[in-house]
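Novice: The following block contains a protein sequence and its predicted model.
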Number of protein chains: 4
Amino acid sequence: MPEFPTSIGTSDPTTIRLLGHDLAGELLGQVGFGELAFWLAARRRPSAGEVRLFEAVLVSLTDHGFTPTAIAARLTYYSAPDSVQGALAAGILGGGSRFLGVTEDTGRWLHRVLEGLDDAESRSDDDWDAVALEAVRAARAAGEKVPGIGHPVHKEADPRVPVMFAIAEDSGSLGAHLRLFAAVGRVHEQVLGRRLPLNGAGVAGAALADLGLPIELLRAFALLARTAGLIGHLAEERESPIAPAVYAEVDRNAVYVPLPDAGSA
Amino acid sequence: MPEFPTSIGTSDPTTIRLLGHDLAGELLGQVGFGELAFWLAARRRPSAGEVRLFEAVLVSLTDHGFTPTAIAARLTYYSAPDSVQGALAAGILGGGSRFLGVTEDTGRWLHRVLEGLDDAESRSDDDWDAVALEAVRAARAAGEKVPGIGHPVHKEADPRVPVMFAIAEDSGSLGAHLRLFAAVGRVHEQVLGRRLPLNGAGVAGAALADLGLPIELLRAFALLARTAGLIGHLAEERESPIAPAVYAEVDRNAVYVPLPDAGSA
Amino acid sequence: MPEFPTSIGTSDPTTIRLLGHDLAGELLGQVGFGELAFWLAARRRPSAGEVRLFEAVLVSLTDHGFTPTAIAARLTYYSAPDSVQGALAAGILGGGSRFLGVTEDTGRWLHRVLEGLDDAESRSDDDWDAVALEAVRAARAAGEKVPGIGHPVHKEADPRVPVMFAIAEDSGSLGAHLRLFAAVGRVHEQVLGRRLPLNGAGVAGAALADLGLPIELLRAFALLARTAGLIGHLAEERESPIAPAVYAEVDRNAVYVPLPDAGSA
Amino acid sequence: MPEFPTSIGTSDPTTIRLLGHDLAGELLGQVGFGELAFWLAARRRPSAGEVRLFEAVLVSLTDHGFTPTAIAARLTYYSAPDSVQGALAAGILGGGSRFLGVTEDTGRWLHRVLEGLDDAESRSDDDWDAVALEAVRAARAAGEKVPGIGHPVHKEADPRVPVMFAIAEDSGSLGAHLRLFAAVGRVHEQVLGRRLPLNGAGVAGAALADLGLPIELLRAFALLARTAGLIGHLAEERESPIAPAVYAEVDRNAVYVPLPDAGSA
C-alpha cells in the first residue's frame, strides 16, 4: 500500500497541525495570511522583511481594472450566479502567457541569466550592468524579447517600479534578481535603441524570485493576488453589474460574415 | 455607447489608482494583502481589528491536508504541468456545497435568523440563547440541518473555535453572528438530543458575516484562503509528488463490473 | 486495499475495452460519437431512433452566437492562448442556472410532475392537459416559475420547438416528458393569463428526459453540445478576433465612481 | 462603435441561423452532432467520409478509464455536487501537455515536417519513408522526442492504430499526415535503435490534421471527446462512487514529513 508523504497538514481529534505547528495554539492570530502563503509555497517561514516585500508584490498584482480576466469572471458570474467558484476559476484561467505571464517570464529570464554566474551577491552596479548588457545582447541575437520592460499605458515610467525597489531595499530583501533587473533598465537602450520603462509585472517577478519562491510557480502568486481582485469584481458586479451591458453590446453589434459555403447546403 | 461604472481601478500614463488611492504612493508597502482583499470585497477600508480577525479566518481556512480539492489540483498539475492556472482552477472548483460550503451556509443561516430581529446588538447571552433555541427548533421542525456544528474528526471540540472567538473579542469584532453562533453551541443539545462541537468552518462563516462581508460571497473568502493552500500543495507536488501514485493506485485496483447489455452488440 | 469498480473502460497490452466492447474491433468506425456519449451517460446502448433525437438535441444546443459564455471563452483564450483547455473550461463554467439551466430545470420540473403519476404512457392529450393545468396552477400558487416557456427574442414562437417534436415523434422517442411539455404549452395561458412560446432549451430538456438520461446530469449534455460550439468560437477567434475589441471597449468606457471613503486614507 | 464579426450564429424573432443555415429548417435532424462540430471548427462543411473519420477519432479519444483527469472530475463532483459544470471543467483542465497533448504534438510535428515539402500528395511510400527518416534523424539530432510513438501499456502494438488507418483509407481521407505518420512507424527503428508502436493518440492527431482542422486547436477535439467520457464518469460516480474511497485512501495513508524548520517557531 502506497504512502502519501506531506509536510503541510495533519490532524487528529484534538489538534490540527499545519507546517508542523499547532494551528490553534501557534498560528491563528499570530501568523498573517501573506506570511502563511509564503511559508506554504517556499516551505520555510519567511522573515518579517520578506513578508513585507511579498505582500507589497501581492498588492501590486491584485487588480488592474477591467482586464479580460475580470470581464470573463463577471460574465461567468452573470451566466452562473449559483457558482461563485466557477466565476473565480474562469477569471483565474485567463492567467496565462499574455497577461499574467510577464511576472513569471521575467523571474525565469533573470533566473536563467543568474544560473550562469557565480558569486552573484558581491557584484557592484557596474558589474551588473555588464551582466545585463550581455544578457540583453544574447536575447536580441536569439530574436527573443527581454521580458519585464515596456508597458502599453505607462510609456515613460511605471509608478510601481521605484516603490517596489525601495521596499525591497528597505526590508533587506533586495537580491540578485532585482539588481540584475535594475541593470537591464539601465542598459537595454544601448542594445535595443530605445528606452523602455521597467514594468510592474516584471519587478514583481524579480522580487518573487529574490524571495526564493519556486521559479516554476511564480505565476501562481500573481493568481493568488488576482483572486482577491476578482472577488472585488464579483462584489462590485453584485452592486452595479456590467456583464449584461457587455453581453448586450457585443450581441447587438454582431455583424454576420458569410463563410464561403454558407447557404449552399 | 454604454458606460461601465467601477470603483476599483483606473490608470493613466503616470498614475495607477486602486479604490480611489494612488497605488504607488499610498498603498504599496502601506496596506497589507489581507487588508486590500477585505477592502475590495467590502468596498470599505477595514479597521486594524477587522484585518486581524479577517486574516485569522483566512489562516484557519487555508489548508486541511489531502482534501479532495487538493488531490484534484495535484492530479490536474500532473496531467497538465504547463498550466499552473488550470491546476489552481481545478482545485477551486471543488469549493462547493459539500466541503467549503459550510462556511457560507453558516454565515447565511445566522444572517437569516438575525434579519428577523431588531436591536440585535444589546442582547445578553440569555437573550441570544432564547433566539438560538427558537432558530434551532425551527430548523429541526423544517427538517433542515443546523450548519456549522459537528465534525467528522474533531468529535469533542474543534480547537480552532475558542481561539477564533478570543481573537474576535480581542479585536473588537465580536458581533451578532458570532454571539448567536456561540448560543447555538450552548443550546442545540436541548433540541437535537446530543452535543456537537461548533466547527471551524462554521466559526469562519460567522466571523466573516460579523465583519460585514457580502453574505452571498462568503464562499469566495474560503476560496481565496484555499488558493494559498493549493499553491502549497503544488509546491510540494513538485518536490515529492503523490499524483502518479494516486493514479496508479486507482488504476491498478480498478475492477470491471459489466453493465447489463455489455458485450451484447 | 480498496477496489474501484467501473463499467467504463479497461485495457491490457493487446486490447482496449470500452463499456464491455472491444474498442478497436467493435466500436471504432461502427459507433457514432453521439451514440457513444449517450451510451456512456445512460449506461445502456441507445436505439437508432434515440440517437437521432439525441443528436438533434445536441445540435439545437451547440451554439447561440455571442452568449456571455462564448465571450468569456474568447477573452480567456486572448489572455492565455497557451491553454486551449482553460478557454474551453472558462466557457463551460458559464453553464449555470441562468443560461444553460433552463434545459435542466425543465427536465427536472417535468420529471417531478410525472413522478406523482402512474400509468403515464397511456394518457390522451386531454389527460395531459389536465395534468399540465394542475402542475402549472401548483407552480403558480407556490410562486415558482414554470420553466421552458418564454424567450427574450423568439416572443411568438421558437422555431426549434415544432421540429424537435416532429423528430421525437418520427424516431419513436416521444414520451411522457415531451407530451406533458406540449400540454404545458397548450394550457398555461389559462393560468398565467398570457401566451408564451415553449422554448428550445425547454424542449431539449424534455427530450433528454424522455430519452432516459440521468435527470441530475441534464445540464451536462447542454455542456457537451456547447463545447463543440466553443471550439467553433475559438477557431473563429483565431481568424477574426473580437476579444481585443471587447476588452478595449469596456476599458475605454470605464467610468470611475468613487466609493464613500475613497481618497480619505 | 466597434462591430463584432462572426460567421457562426445569428437570430431574429422568427429564425435562428447557424453557419448561414436555418437551424430549424435545414439542420435539426439533418446534420449530425459530429458533423456540426467539424463544420464549426473547420468553418467548412465536411464530406460524409470526413465525418466518418472524425467521429472515429472522437470515439477513440472519448475515454481511457481511470485517468488522472477522470479521477479529478470525480473528486470535484464529490466536493461540489451542486456544480456539474465545475466537475466537467476540472476534468477538462487536465487536458494538457502530458496526457492529451500527444494528439496535438503529433499533429503539429507532422504538420511542420510537411510544411517544408512541396507536392506532398503524389509521393510513394518509399518517398514517405525518406521524408520520415530525415525528420526522425533531425528530431534525434535536436534532442527532441518523436511524438506519437510508444505506449506504457500497449508495448507491442496499439490496437486502435490499424483500424484508424483502415477507416481513413476507406473513407477517402487518408492524407499526407497519416502517410508520413505510417512512414515514421516503419523507419524510426533505424534511427532510435528500437521498435516502438505508433500509438492511438498520435494516429488521432495525424487524422485530425489530415482532415484540415486547425493545427493549433487539435487538443480541443480530444477535449470534446473527453467531455463525453467525463459525463460517463459522473454518471457512474452517481451510481457507484469512487471519490470518497480515493479521498479516504490518500488521507489515511498520509505520512507527515517534517520540514527543516517545522516546529521551531
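Specialist: Received it, and whenever you're ready, just let me know what you need.
Novice: Excluding residues flanking it in the chain, which one is nearest the residue most central in space within chain A?
Specialist: With distances taken as Cα atoms, centre = their mean, A:Ala222 lies nearest the centre of chain A, 2.8 Å away. Of all residues beyond its chain neighbours, the one nearest A:Ala222 is A:Leu100 (4.3 Å), with distances taken as Cβ to Cβ, 6 or more residues apart in numbering or on different chains. For glycine as for every other residue, the C-beta is placed from the backbone atoms N, C-alpha and C.
Novice: Can you mark which positions in the least confident helix or strand in chain A by mean pLDDT are buried?
Specialist: When the helices and strands of chain A are scored by mean pLDDT, DSSP states H and E, strand A:9-12 comes last with a mean of 85. For strand A:9-12, the neighbour count (16 or more other Cβ atoms under 10 Å in any protein chain shown) marks A:9-11 as buried.
Novice: Of those, which ones also sit close to chain D?
Specialist: Filtering the buried residues of strand A:9-12 for proximity to chain D (criterion: Cβ under 8 Å from any Cβ of the partner chain) leaves A:Thr10.
Novice: which ones are touching the residue nearest to A:Gly229 when sequence neighbours are not counted?
Specialist: Counting by Cβ to Cβ, 6+ apart, the nearest residue to A:Gly229 once its immediate chain neighbours are dropped is A:Asp63, at 3.5 Å. Counting by Cβ atoms under 8 Å, 6 or more residues apart in numbering or on different chains, A:Asp63 makes contact with A:70, A:226, A:228-229, A:232-233, B:8-9, B:18, B:40.
Novice: And A:Asp63, how close does it get to chain C?
Specialist: 13 Å (Cβ to the nearest Cβ, to the nearest Å).
Novice: is chain B contacted by stretch A:82-97?
Specialist: Yes - using Cβ under 8 Å from any Cβ, stretch A:82-97 reaches chain B at A:83-86, A:88-90, A:92-96.
Novice: if we look at chain C, which of those are close to it?
Specialist: Among those, chain C is touched by A:83, A:86, A:89-90, A:93-96 when using Cβ under 8 Å from any Cβ.
Novice: Among the residues you listed, find the lowest-pLDDT one for me.
Specialist: Least confident by pLDDT among these: that is A:Gly96, with 80.
Novice: All the strands of the stretch 101-250 of chain A, residue numbers only.
Specialist: Ranges of strands within the stretch 101-250 of chain A: none, based on DSSP state E, counting those that start in this stretch.
Novice: For it, give me the ranges with low pLDDT.
Specialist: Residues of the stretch 101-250 of chain A meeting the criterion pLDDT under 70: A:120-121.
Novice: do that again at 80, thanks
Specialist: A:119-122 (pLDDT under 80).
Novice: ok, the residue nearest to A:Ala222 - contacts?
Specialist: Shown in contact with A:Leu100 (Cβ under 8 Å, 6+ apart): A:61, A:94, A:201, A:219, A:222-223, A:226, B:85, C:79.
Novice: quick one: it from chain D, how far?
Specialist: 16 Å.
Novice: and of the buried residues of strand A:9-12, the nearest to C:Tyr247?
Specialist: Of all the buried residues of strand A:9-12, A:Gly9 has the smallest distance to C:Tyr247: 39.5 Å, by Cβ to Cβ.
Novice: Nearest spatial neighbour of that closest one, chain-adjacent residues omitted?
Specialist: The shortest distance from A:Gly9 to any non-neighbouring residue, by Cβ to Cβ, 6+ apart, is to B:Gly65 (3.6 Å).
Novice: Next, the contact list for A:Ala204, please.
Specialist: Neighbours of A:Ala204 in contact, by Cβ under 8 Å, 6+ apart: A:57, A:60-61, A:103, A:106, A:164, A:221-222.
Novice: what does chain A have sitting close to chain D?
Specialist: A:1-7, A:10, A:17, A:19-21, A:26, A:43-45, A:80, A:82-83, A:85-86, A:89, A:250, A:253-263, A:265.
Novice: any idea of the angle the top helix by length along chain A forms with helix B:218-239?
Specialist: Taking DSSP state H as the criterion, chain A has its longest helix at helix A:218-239. If you take axes from the mean of the first three to the mean of the last three Cα atoms, to 10 degrees, helix A:218-239 sits at 170 degrees to helix B:218-239.
Novice: hmm, back to that, buried ones among the residues of stretch A:82-97 next to chain B?
Specialist: Neighbour counting with 16+ other Cβ under 10 Å marks A:83-86, A:88-90, A:92-96 as buried within the residues of stretch A:82-97 next to chain B.
Novice: Quick check: phi and psi at A:Leu259.
Specialist: phi -80, psi 160 (degrees, to the nearest 10).
Novice: what's next to stretch A:118-138, contact-wise?
Specialist: A:113-114, A:117, A:146, A:175-176, A:179-180, A:182-184, A:186-188, A:190-192.
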